[in-house]
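> fold the following and give me the result.
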Amino acid sequence: MFNDNPIGESSLTRRAIGGMAKVSRSSTKNPSWGLLDRRVGKLAREVSASTRGGLFVCRALQDDQALFMNAPVQSSGVKTKNITSGLVFGWLFGIIFVIMGLTNLGDNTTSGILFLIAALLILPPINKLLKEKVHISLSRGLRIIIVGILLVVGFSFVGSHAVKEAETNAVANASTPKPGPKPVIRVTADQIMSDYTANEVSADAKYKGNLVEVSGTVESIGKDIVDTAYIALHTGGQYSISVVQCMFPKTAESALAEVSKGERITLQGQVSGKLGNVILRSCKII
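A predicted model of the protein is given here:
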């Protein structure tokens, strides 16, 4: 650090002033010393001025040194960007709303546009663009309010569209005539057996899965190996071994107690095909 009294200001000044004083005292005794008295005074003033100038320069250097010591050190590194929760949520919900908007543009254009506007208000690059180019900056609270309103209106349009679509489908389904139940096929045991014997594929197309009322003579009454009650109707000639076998549910077994062999009867059931015998299931007595 620099001294506040450089170049020996006090000693030089005191010497010059002391010498001047001595000469002044001597000049009172000898007038010839007057000229020297004035010269010494001038020299003393010059020394004093020179000393003050040196002091001013020293103090200026001290101020420059203080400014240099206290100046902040500037870093030449790359600026780092802080990742905040607001930035993360802005990207997350912005992308979600973009997907929702694009998904709904085809079926519900209004809700799709509202979702896209909400996405633009949330996405950080859009906010930065509005601030730099358009000089519009929305506060976080205002953005939340606007986005909330857009979402409520958008979802209301989605709901109303879904309700209208459901109503349209209901009207279309109601206007479409439903096929009525297939009529019951009435046939004799001999006829159905003859059809299956002639062409089983053609007979399946005609009878299988359909409700049939078949009439014939009772050949036998019994139960199969799984304890299901049935009535077998005679078909063909005297030596025919194939029959029309009508299977009954458990709840209808009691009705079979009143049926006798050789009795003429009409049974109703659903044809399931031919497996040795022509099989009818879920039968009942007509």
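> this protein: helices as residue ranges?
Remark: helices assigned in the chain by DSSP state H are 9-27, 33-70, 85-104, 109-122, 124-129, 140-175, 189-198, 200-207.
> stretch 103-120 - what's its average pLDDT?
For stretch 103-120, mean pLDDT rounds to 84.
> pLDDT weak spots in this protein?
1-81, 172-180, 237-239 (pLDDT under 70).
> at 80 instead, please
For the chain, the stretches with pLDDT under 80 are 1-83, 85-86, 106-108, 127, 130-131, 134-138, 140, 159-182, 236-241.
> outline the domain layout of it.
With domains defined by automatic domain parsing, the chain comprises 6-69, 85-170, 185-285.
> next, format these as TSV and append mean neighbour count.
Bear in mind the C-beta positions are built from the backbone N, C-alpha and C, glycine included. Shown next, in TSV, are those (neighbours: other Cβ atoms under 10 Å):
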stretch	mean neighbour count
domain 6-69	13
domain 85-170	15
domain 185-285	16
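> surely K223 is in contact with A229?
Yes. In this structure, K223 is within contact of A229 by Cβ atoms under 8 Å, at 5.3 Å.
> for M247, give its distance to L105.
M247 sits 59 Å away from L105, going by Cβ to Cβ, to the nearest Å.
> dump the residue contacts of the closest residue to K206 other than its chain neighbours.
Spatial nearest neighbour of K206, chain neighbours left out: D195 (6.8 Å); criterion: Cβ to Cβ, 6 or more residues apart in numbering. Contacts for D195 (Cβ atoms under 8 Å, 6 or more residues apart in numbering) come out as 202-203, 206-207.
> same check, this time on I285
252, 255, 259, 265-268.
> check N108 too.
Going by Cβ under 8 Å, 6+ apart, N108 touches 157-158, 161.
> and it, what are its phi and psi?
Here is the backbone geometry of N108 (degrees, to the nearest 10): phi -140, psi 90.
> excluding chain neighbours, what is closest to it?
N108's closest residue in space is H161 (Cβ to Cβ, 6+ apart), at 4.5 Å.
> try S272
S272 sits nearest to I279 (Cβ to Cβ, 6+ apart), 4.8 Å away.
> now that neighbour, which residues is it bridged with?
Judged by DSSP bridges, the bridge partners of I279 are Q245, G273.
> got a list of what the closest residue to H234 other than its chain neighbours touches?
Using Cβ to Cβ, 6+ apart and skipping the chain neighbours, the partner closest in space to H234 is E219 (4.1 Å). Neighbouring residues of E219 by Cβ under 8 Å, 6+ apart: 232-234, 243, 261.
> is it possible to export those to a markdown table including distance to E213?
Converted to a markdown table, those look like this (distance: Cβ to Cβ, whole Å):
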| residue | distance to E213 |
| --- | --- |
| A232 | 17 |
| L233 | 12 |
| H234 | 17 |
| V243 | 17 |
| K261 | 21 |
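> what is the most widely separated pair among those?
V243 and K261 (12.3 Å; Cβ to Cβ).
> common neighbours of these two, please.
219-220.
> I'd like to know how far V201 sits from K261.
In terms of Cβ to Cβ, V201 sits 33 Å off from K261.
> quick one: F97 and L116 touch, right?
Yes. Here F97 reaches L116: they are 7.1 Å apart, a contact under Cβ under 8 Å.
> mind checking how far the nearest residue to F157 once chain neighbours are set aside is from E165?
Leaving aside its sequence neighbours, F157 sits nearest to S111 (Cβ to Cβ, 6+ apart; 4.0 Å). Relative to E165, S111 is positioned 13 Å away (Cβ to Cβ).
> same question for I136.
Counting by Cβ to Cβ, the gap from I136 to E165 is 38 Å.
> same deal with G273?
43 Å.
> about what we covered before: ok now do the residue nearest to N108, which residues does it touch?
107-108, 111.
> and if you look at A255?
248, 284-285.
> which one of these is nearest G101?
So of the contacts of A255, ranked by how close each gets to G101 (Cβ to Cβ), first place is K284, at 61.0 Å.
> wait, that closest one sits on L267?
Yes. The criterion here is Cβ under 8 Å, and K284 meets it with L267 at 7.2 Å.
> what's A252 in contact with, if anything?
Contacts for A252 (Cβ under 8 Å, 6+ apart) come out as 229, 283-285.
> doesn't G112 make contact with G101?
Yes. Taking contacts as Cβ under 8 Å, G101 lies within contact range of G112: 4.7 Å.
> okay then, goodbye and thanks.
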